[in-house]
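**Student:** this one's sequence-less:
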Ligand SMILES: Cc1cc2nc3c(=O)[nH]c(=O)nc-3n(C[C@H](O)[C@H](O)[C@H](O)COP(=O)(O)O)c2cc1C
């Protein structure tokens, strides 16, 4: 990895977080990413939903909301990139400032509120890269002022099913009022059934898997309901988890009490425990993507051993720079070899045995 990418970080950190983010996307659009990814250790590969992931480390939703730079991010070594959240119509999101660095806590708070350019723009960009190597997913949301949540997600599936390697239904952002109520069982069953019909119409052959992204702030009842709905509805997997509205007592940063979703290190343990719990509740019938606070290979490995077949990260990229991806992959391959696992698939759920 070119050390320049990590050297740029201290400069970016001088800018307000959203400005730094825009500057990063603008720089990546000029093509400054590495020219091609290094090939991955064979032990890091995993096949899911008929797709081959060269490694299990993904870029989480929210970094490339408008599908501007998925190929640049793949060249940093990610095994897959999730674009979005995209809503049917473009929308500006919440008033600024709406993104805060909690430096002492290795965390962020954001209340962006799905600022994005809308489905037409995302579709055009994803269509333009069709046929290129590299797995790119799309995360779908609803417009803030829309009264028809199901119709918004259906529009997302219709627009993007043919252009994304997987789709994520995001019912867990804390920054769109009422969104997380869609995580109740009856709502989920209705939503997923409508989305599966829309997907079947849009992509009769090779439909992309449809995943559900859930919040970490769920009661025990809600977790059980999601597991039941997931199994009954035939959803293809879960993304665990989105940001948290909780504020752990240990936070030290002056921005800790900004409203919005907290990501990064303080989210790690909670979201990892939730992976293990959803593995148990779904009786290991669904692939899980573990996300929340991953900043090292040890963190990624812990999520995998808790039950995640793939993992994603975002916040650590801001503190560590994109060189982090190669470091995680190198060390993760070492952990697998040390523990006698031939591949990622063998390590999935090693810490969460299921009753036979
Ligand atoms: C600035 C920011 C924006 C985000 N936007 C989205 C989004 O649009 N859709 C979504 O599903 N998750 C979004 N997320 C949540 C991340 O995808 C991820 O679930 C969460 O940040 C936990 O991972 P991390 O601790 O590695 O950042 C966002 C996170 C951050 C920090």
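**Tutor:** Yep, that arrived. Just so it is clear, the structure is predicted and the values come from calculations on it, not from any experiment. Numbers count the residues shown, from 1 in each chain.

**Student:** what sits closest to the residue in the stretch 1-150 of the chain that the ligand sits nearest to if chain neighbours are left out?
**Tutor:** Closest residue of the stretch 1-150 of the chain to the ligand, Cβ to the nearest ligand atom: residue 62 (2.2 Å). Any C-beta I mention is one placed from the backbone N, CA and C, and that applies to glycine too. Leaving aside its chain neighbours, residue 62 sits nearest to residue 314 (5.9 Å; criterion: Cβ to Cβ, 6 or more residues apart in numbering).

**Student:** the one you found: neighbouring residues, count only.
**Tutor:** Counted with other Cβ atoms under 10 Å, residues neighbouring residue 314 total 22.

**Student:** so where do the helices sit in the stretch 51-200 of the chain?
**Tutor:** With helices called from DSSP state H, counting those that start in this stretch, the stretch 51-200 of the chain shows them at 70-75, 119-128, 149-160, 185-202.

**Student:** which one of the ones you listed lies closest to residue 259?
**Tutor:** Minimum separation from residue 259 across those (Cβ to Cβ) falls at helix 149-160, 22.0 Å.

**Student:** can you tell me what sits against that closest one?
**Tutor:** Helix 149-160 is contacted by residues 86-88, 119-120, 122-123, 126, 138, 140-143, 146, 167, 169, 178-179, 182, 190-191, 194-195, 198-199, 201-202, 210 when judged by Cβ atoms under 8 Å, 6 or more residues apart in numbering.

**Student:** and if we set it to 7 Å?
**Tutor:** Contact partners of helix 149-160, identified using Cβ atoms under 7 Å, 6 or more residues apart in numbering, comprise 86-88, 119, 122-123, 126, 138, 140, 142-143, 146, 167, 169, 182, 190-191, 194-195, 198-199, 202.

**Student:** check contacts around the residue nearest to residue 130 when sequence neighbours are not counted.
**Tutor:** Nearest in space to residue 130, with sequence neighbours left out and distances taken as Cβ to Cβ, 6+ apart, is residue 163 at 6.1 Å. Contact analysis of residue 163 by Cβ under 7 Å, 6+ apart lists 123, 126, 127, 130.

**Student:** for the second one, give its distance to residue 248.
**Tutor:** This means residue 126. 37 Å (Cβ to Cβ, to the nearest Å).
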